[in-house]
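Participant: Take a look and give me a structure for this.
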Amino acid sequence: MSTYSFKSRDGNMTAEQRIRSLDLLRTLAEKAVVEVRMRQLQGARPTFSRAMMTCTVNRDRFLYNDFGLHTFAGHGQLSEKGVWTNEIAQIIISLSSCLEWAEVLSNGTKEDHLKQYLGNILDHAFNRSDVSISVADQMREALVDRPADDRNAFAGQLVKVSLRIVGLVVLCEPLSLKFDDLNLKIRQPVPTDFEYTATVGIEHALADDRSDAIGEFEGNFSGVKDVMKIIGWFRAILRLATGKAVKIRTAICTSVTLRGELTNTICTNENPGRPSFAILTDNNKEKFKIACEQLSPRLVSDQFLEENTRVDHLATGYHRFSDALVKQGLDDYRIATAVTGLESLLVRENDGRKGKKYQLEIRLPTLLGIVGFSPLDVKALISDAYKIRSNFVHGDNKINANLSERIKGYGGPEGILGKCISYLRAVLIISLCALPDKRNRLSLIDNSTIDSSQQSLLETQIDTIKNVVLFANCVYSEK
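Facilitator: Now for the predicted structure:
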């Protein structure tokens, strides 16, 4: 990199600086095209590029990794990052050492936008479709004329967030819901969902075009932190309502700025895998709507964001449910995860001589029997699942002959896993929506086994949420 530097400007760009910047950008573009021609003579192949909006990696603000995009306390910053092939990236790096590059930046152009402009020029040059003079002039003018307070879509008023959903198939007319001051429409994807134009008139190709449904939120959002909350909150609603491994791949954010509407993308990096699908039809969409409306007010807290796994027993239960449902790995691990999720909701520490397994074998059948599960079947399965959990936790993967034979009766480890996830989902919904206080919940379940009035009270408390627990039965579908 050149050590030559210019003083950064303050305030608006002067007319002289504007003309100078346009000339500098033209010179950089010419140098870029010459470099492409030289590399093509050496055998460089045509290539492609794309650009997306991503979060600045900052330990105390955002974490962007294989498990998704997580937000922490503080005000994070977003930056546009070009994702180019090696040939284009190398040329951009070489151009960054030019004096013209440094002077353009000193006049107020943002470096990411300069890279994006040159990347687009290089992309066309490699594919022998050079940008016309008039279009190139428009691109340069758009780049230098952008006001300082309008660098990306999040600098304006964020008014729309479109979520790309995997694992939810909509086979009915769009479904409309309202959550406080936010309006939501869930619908099938259409071709235009995969086309949009972002900053400085450059078309962006999205990181991923896989989606089974679109969730469109409209309203007023305070910023990107609201988007993060909506992703975590709505994902939790969808997974609890359907009992399926529904995932949100990207959020397309639209803001009204001084230069009109701008659109940027946040990628969660969730791997779609091969999920079993929840299918919405005309027959079940109203039940789905009711389930979402009942769950949504219980999941508004930050405790259900991905990084908050140990806030309280409800958050712990949800995250264990989500991990068992979504994460790939050994069935033993996922069974153990689901069982420990049940423990967080139904086991009381230091409960005399009652061990954790005993508490689960009594409370789980009692509770689930009210919502239609067979108490005897639940008790038998959770007893065997707990043994698998203990073996896994203590590093013993051996299963004795009797347990191995019983597991076959459940459909193997996958069958036990499916049942455990179903049990955890039911208990979690009941706990969130009807019995959020753990001490009262456990006392009521225990007392219901010996007192008919307490049994009636427990049934009454659960009756209001029973339809949500049973809703998953009408959306389960392998595809």
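
Participant: Could you use CA atoms for every contact and neighbour count after this?
Facilitator: Noted.

Participant: Check which helices and strands the longest helix along the chain sits against.
Facilitator: Longest helix of the chain, by residue count under DSSP state H: helix 15-41. Secondary-structure packing of helix 15-41 (3 or more CA pairs under 8 Å, 6 or more residues apart in numbering; DSSP states H and E): helix 86-95, helix 99-106, helix 111-126, helix 133-145.

Participant: ok, now with 7 Å
Facilitator: Contact here means 3 or more CA pairs under 7 Å, 6 or more residues apart in numbering; DSSP states H and E; on that basis helix 15-41 packs against helix 99-106, helix 111-126, helix 133-145.

Participant: what number of residues lie near Y117?
Facilitator: 23 (other CA atoms under 10 Å).

Participant: Can you tell me how far it is from D23?
Facilitator: To D23, Y117 is 14 Å away according to CA to CA, to the nearest Å.

Participant: any idea how far G243 is from S404?
Facilitator: 27 Å.

Participant: The two: which has the busier surroundings?
Facilitator: G243 (26 against 14).

Participant: Contacts only, for the more buried one.
Facilitator: Contacts for G243 (CA atoms under 7 Å, 6 or more residues apart in numbering) come out as R425, A472.

Participant: Helix, strand, or coil at N264?
Facilitator: Judged by DSSP: H, G, I helix; E, B strand; the rest coil, the three-state class of N264 is strand.

Participant: these two touch, right, it and S255?
Facilitator: No: with contacts counted by CA atoms under 7 Å, N264 stays clear of S255, the gap being 8.7 Å.

Participant: can you map out the helices along the stretch 251-400 of the chain?
Facilitator: Assigned helices in the stretch 251-400 of the chain, in chain order: 285-295, 313-326, 331-346, 356-369, 375-393 (criterion: DSSP state H, counting those that start in this stretch).

Participant: Tabulate these (CSV), appending mean neighbour count, mean pLDDT and distance to S176.
Facilitator: CSV is the format used below for the helices of the stretch 251-400 of the chain (neighbours: other CA atoms under 10 Å; pLDDT from 0 to 100; distance: least, CA to CA, whole Å):
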stretch, mean neighbour count, mean pLDDT, distance to S176
helix 285-295, 19, 91, 8
helix 313-326, 24, 91, 25
helix 331-346, 24, 93, 32
helix 356-369, 19, 94, 31
helix 375-393, 18, 91, 37
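
Participant: among these, which is nearest N271?
Facilitator: Nearest to N271, of all the helices of the stretch 251-400 of the chain, is helix 313-326, at 9.5 Å by CA to CA.

Participant: now the angle between helix 331-346 and that closest one, please.
Facilitator: Counting by axes from the mean of the first three to the mean of the last three CA atoms, to 10 degrees, helix 313-326 lies at 160 degrees to helix 331-346.

Participant: same for helix 313-326, what does it pack against?
Facilitator: Counting contacts by 3+ CA pairs under 7 Å, 6+ apart, helix 313-326 packs against helix 331-346, helix 412-433.

Participant: quick one on the thing from earlier: identify whichever of the helices and strands packed on helix 15-41 lies nearest to F179.
Facilitator: Set against F179 and scored by CA to CA, the helices and strands packed on helix 15-41 come closest in helix 111-126, at 36.1 Å.

Participant: Distance from the chain centre to that closest one, please.
Facilitator: 29 Å (CA atoms, centre = their mean, to the nearest Å).

Participant: in the stretch 151-300 of the chain, which ranges drop under the pLDDT threshold?
Facilitator: Within the stretch 151-300 of the chain, the stretches with pLDDT under 70 are 151-156, 194-210, 257-262, 269, 272-275.

Participant: In contact with V246, which residues are there?
Facilitator: The neighbours of V246, taking CA under 7 Å, 6+ apart as the test, are V166, G167, L168, L238, R239.

Participant: The same query, at a cut-off of 10 Å, please.
Facilitator: Counting by CA atoms under 10 Å, 6 or more residues apart in numbering, V246 touches 165-168, 212, 235-240, 272, 275-278, 322, 325-326.

Participant: Format the helices of the stretch 251-400 of the chain as a markdown table; extra columns: distance to V34.
Facilitator: Formatted as a markdown table, the helices of the stretch 251-400 of the chain follow (distance: least, CA to CA, whole Å):
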| stretch | distance to V34 |
| --- | --- |
| helix 285-295 | 57 |
| helix 313-326 | 49 |
| helix 331-346 | 56 |
| helix 356-369 | 71 |
| helix 375-393 | 61 |
